[in-house]
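> 3D model of this:
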Amino acid sequence: MTKRLKKLPKFKNENEERRFWDTHSSVDYFDWPKAQNVIFPNLKPTSTSISLRIPNYVLSRLKERANSLNIPYQTLMKQYIAKEVLRK
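Numbers count the residues shown, from 1 in each chain. Down below sits the predicted model:
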């Protein structure tokens, strides 16, 4: 016997939807065993702009290195920071 799913209401905004899900279970509205994984290829991680003071000679070296790798220097800086922060 299959469970009869409830019809999902239409929400006016995200806050209304958030309040709804705080008090309801998704198993009443979705057949999770039939769910499929999806890929969002164009989804970009959220980033935040920061201001960072570094010595001029460090920035010059960074730009030289980025130029030799043919990538923007800010990209290289993000890679260096991520490598160190995420290192185990």
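
> break the chain into its domains for me.
1-36, 40-88 (automatic domain parsing).

> what's near enough to touch Tyr73?
Taking Cβ atoms under 8 Å, 6 or more residues apart in numbering, we find Tyr73 in contact with 59, 62-63, 65-67. In this view, the C-beta of every residue, glycine as well, is placed from N, C-alpha and C.

> in TSV, list these along with pLDDT, secondary structure and neighbour count.
As requested, the contacts of Tyr73 are exported to TSV (pLDDT from 0 to 100; DSSP: H, G, I helix; E, B strand; the rest coil; neighbours: other Cβ atoms under 10 Å):
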residue	pLDDT	secondary structure	neighbour count
Leu59	97	helix	14
Leu62	97	helix	16
Lys63	97	helix	15
Arg65	97	helix	14
Ala66	97	helix	17
Asn67	97	helix	12
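
> of these, closest to Pro45?
Ala66 (20.7 Å; Cβ to Cβ).

> is it true that the closest one touches Lys78?
No - shown here, Ala66 and Lys78 do not form a contact pair, counting by Cβ atoms under 8 Å, at 10.8 Å.

> just the helices in this protein please.
Counting by DSSP state H, the chain has helices at residues 14-23, 56-69, 73-85.
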